[in-house]
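Participant: when you get a sec, could you give me coordinates for this:
(one chain, ligands or ions: 2)
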Amino acid sequence: MKIAILGVGLIGGSLALCFKGKPNLYVIGYSPNPASVEKYIKRGVVDDATTSMEEAVADADVIFLCVPVGMLETYLEKLSELPLKKGCIITDVGSTKGAIDRCAKRLALKDVYFIGGHPMAGSERSGVEAASSYLFENAYYVLTPNEQVPQEVYDRLEQLLSLTRARIIRVDAQLHDEIVGAVSHLPHIIAVALVNQVARYNDANPLYEALAAGGFRDLTRIASSDPVIWRDILLHNKEVLLDLLADWGREMELFRRLLLEEDGEGIERQFSLASEFRSRLPERRRGVLHAMLYDLYVDVPDHPGIIAKITTLLSDHQINLGNIQIHESRADVPGVMRLSFRNDQDLAKAEQLLKDAGYTVRY
Ligand SMILES: NC(=O)c1ccc[n+]([C@@H]2O[C@H](COP(=O)([O-])OP(=O)(O)OC[C@H]3O[C@@H](n4cnc5c(N)ncnc54)[C@H](O)[C@@H]3O)[C@@H](O)[C@H]2O)c1
Ligand SMILES: O=C(O)C(=O)C[C@]1(C(=O)O)C=C[C@@H](O)C=C1
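Facilitator: Numbering: from 1, shown residues only. Ligands and ions are numbered 1, 2, ... in the order given. You can find the predicted model right below:
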């Protein structure tokens, strides 16, 4: 089976890594940029790569469009003019589904099929450098086939996507945009607006930055997401987001009123309601981010070589580190290192070792 991936970035690269090396699968990547093509090959995420879209899609059984949402329609239009293998499935990974779904209907493709797709997994990072074969593990992967897609075709794509170890779910394209607007797009807007609000205060007094601790960081990780990717997503879900922002204004107004009236009970009620709903959210046991479930934090003094000391201690005891992050590393300020492990046993072993070595360990 030949799989063509157009745009081998975070998502395209992660898909490629899920497929590459599997029996009877051949993965070819496409980018108009020769330097990107070279990079895909050098990093070994694809079997081959090319700057020719014609070559990438010729005889392909499945084509994945993994470019920014704003480019998807242009790509689909280009594909509709190329000779493709009969029965070929074209799918995308865009974070909005309505517009591309309407485009596919308009193009009325012949002998090939379009099925919209959207893996509900990602990161604030972008580019093939951030790709991982674990990215989709246990995450939901939405497919939005229209009524013209035969069941057999849908099943073929579903079977291929089972290699991502994601949970495939079928959703209407418009409903997808409404729900994902609320659980993904609106949160990105809020994170960015909050960071920008604080950044303005920080211009006048840099103490804001110094005191921005866990709460601010937890809530705003996604504010570091790629500006172009998110420009396109927001513009392609405009109507839904305008309604959601109006609703958000009402949520904020409620808090304003509770404060003005010094309604402590009302404030408590809001926190209890939120906590109750949040505790019901399914745990996101997925690949790279799955490692978050096995995280611990170590306070690290500002000593030269401290990172090497900790990682050597762990590797000397055969403990595999999934990920490592330094949260603060300014001179004279103790830092916090986040260590992510792949399983419970490694986490427990690491905790004991680090404590025995005199480090302060927290969850
Ligand atoms: N980032 C996420 O968390 C996430 C999650 C699910 C779906 N998506 C969707 O996946 C798609 C890709 O996003 P990503 O996060 O992998 O981004 P990315 O920036 O990592 O990858 C985008 C790819 O498209 C290519 N590209 C960019 N502009 C192009 C252009 N003008 N012409 C041709 N190629 C171009 C880039 O070279 C890169 O290979 C988007 O449609 C996005 O909405 C993103
Ligand atoms: O985890 C993140 O960083 C993400 O932004 C992932 C996320 C999300 O909002 O959940 C972002 C965009 C996608 O289309 C799907 C998933």
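Participant: near ligand 2, which residues of this protein?
Facilitator: The chain comes close to ligand 2 at residues 95, 120, 121, 122, 123, 124, 184, 222, 225, as judged by Cβ under 6 Å from any ligand atom. Yep, even glycine has a C-beta here, placed from its N, CA and C like the rest.
Participant: recalculate using a threshold of 5 Å.
Facilitator: 95, 122, 123, 124, 184, 222 (Cβ under 5 Å from any ligand atom).
Participant: out of the residues you listed, which comes closest to residue 82?
Facilitator: Here the nearest of the residues of the chain next to ligand 2 to residue 82, counting by Cβ to Cβ, is residue 95; it sits at 25.3 Å.
Participant: residues from the stretch 1-150 of the chain in reach of ligand 1?
Facilitator: Applying Cβ under 5 Å from any ligand atom, one finds that the stretch 1-150 of the chain approaches ligand 1 through 7, 9, 10, 11, 67, 69, 93, 94, 95, 122, 126, 127.
Participant: backbone dihedrals for the residue nearest to the spatial centre of the chain, both of them.
Facilitator: When Cα atoms, centre = their mean is applied to the chain, the residue found nearest the centroid is residue 122 (0.9 Å). Note on residue 122: backbone dihedrals following degrees, to the nearest 10 are phi 180, psi -150.
Participant: my guess is it contacts residue 132. True?
Facilitator: No - with contact defined as Cβ atoms under 8 Å, residue 122 does not count as touching residue 132 (10.9 Å).
Participant: can you pull out the strands in the stretch 151-300 of the chain?
Facilitator: Listed in chain order, the strands of the stretch 151-300 of the chain (DSSP state E, counting those that start in this stretch) span 167-170, 295-300.
Participant: in the last one, which residues are buried?
Facilitator: Across strand 295-300, burial judged by 16 or more other Cβ atoms under 10 Å covers 296, 297, 298, 300.
Participant: include distance to residue 253 and pLDDT when you put these into a markdown table, please.
Facilitator: Listed next are the buried residues of strand 295-300 as a markdown table, based on distance: Cβ to Cβ, whole Å; pLDDT from 0 to 100:
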| residue | distance to residue 253 | pLDDT |
| --- | --- | --- |
| 296 | 40 | 85 |
| 297 | 36 | 83 |
| 298 | 42 | 86 |
| 300 | 43 | 83 |
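Participant: and the longest helix seen in the chain, what does it pack onto?
Facilitator: Longest among the helix segments of the chain by residue count, using DSSP state H, is helix 238-260. Where contact means 3 or more Cβ pairs under 8 Å, 6 or more residues apart in numbering; DSSP states H and E, helix 238-260 is packed against helix 186-204, helix 264-279.
Participant: which one of the ones you listed lies nearest to residue 56?
Facilitator: Using Cβ to Cβ, the helices and strands packed on helix 238-260 put helix 186-204 closest to residue 56, at 30.7 Å.
Participant: show me the domain layout of the chain.
Facilitator: Structural domains assigned to the chain are 2-171, 176-279, 287-362, following automatic domain parsing.
Participant: of the ones you listed, which stretch is the most buried?
Facilitator: Mean neighbours per residue, mean count of other Cβ atoms under 10 Å, is largest over these for domain 2-171, with a mean of 19.
Participant: mind pulling up the pLDDT for the residue nearest to the centre of the chain?
Facilitator: Confidence at residue 122, expressed as pLDDT, is 91.
Participant: I'd like to know which helix or strand in the protein has the lowest mean pLDDT.
Facilitator: Lowest by mean pLDDT, DSSP states H and E among the helices and strands of the chain is helix 287-290, with a mean of 45.
Participant: would you map the helices across the stretch 1-150 of the chain?
Facilitator: 10-19, 34-43, 53-57, 69-80, 98-107 (DSSP state H, counting those that start in this stretch).
Participant: which outside residues touch the longest one?
Facilitator: Right, the one you point to is helix 69-80. The contact list for helix 69-80 (Cβ atoms under 8 Å, 6 or more residues apart in numbering) reads 6-7, 53, 57, 63, 65, 67, 90, 92, 94-96, 99-100, 103-104, 107, 109, 112, 114, 228-229, 231-233, 235-236.
Participant: next one: the last one
Facilitator: When contacts are defined by Cβ under 8 Å, 6+ apart, helix 98-107 is touched by residues 69, 72-73, 76-77, 80, 90, 92, 94, 114, 116, 144, 146, 173-174, 176-177, 236-237.
Participant: mind checking how far residue 49 is from residue 315?
Facilitator: 34 Å (Cβ to Cβ, to the nearest Å).
Participant: swap in residue 202?
Facilitator: For residue 202, the distance to residue 315 - Cβ to Cβ - is 39 Å.
Participant: likewise residue 73?
Facilitator: Distance from residue 73 to residue 315, by Cβ to Cβ: 49 Å.
Participant: where does residue 337 sit: helix, strand or coil?
Facilitator: strand (DSSP: H, G, I helix; E, B strand; the rest coil).
Participant: that one is in contact with residue 321, isn't it?
Facilitator: No - Residue 337 sits out of contact with residue 321 when judged by Cβ under 8 Å, with a separation of 10.5 Å.
Participant: which residue lies farthest from the center of the chain?
Facilitator: What lies farthest from the middle of the chain is residue 261; by Cα atoms, centre = their mean that is 40.2 Å.
Participant: need the pLDDT of that residue.
Facilitator: On pLDDT, residue 261 comes in at 98.
Participant: shaky segments in this protein?
Facilitator: Across the chain, the ranges flagged by pLDDT under 70 are 283-293, 327-334.
Participant: do you know how far the nearest residue in space to residue 20 that is not next to it in sequence is from residue 87?
Facilitator: With sequence-adjacent residues excluded and distances taken as Cβ to Cβ, 6 or more residues apart in numbering, residue 20 is closest to residue 27, at 4.8 Å. Going from residue 27 to residue 87 by Cβ to Cβ gives 19 Å.
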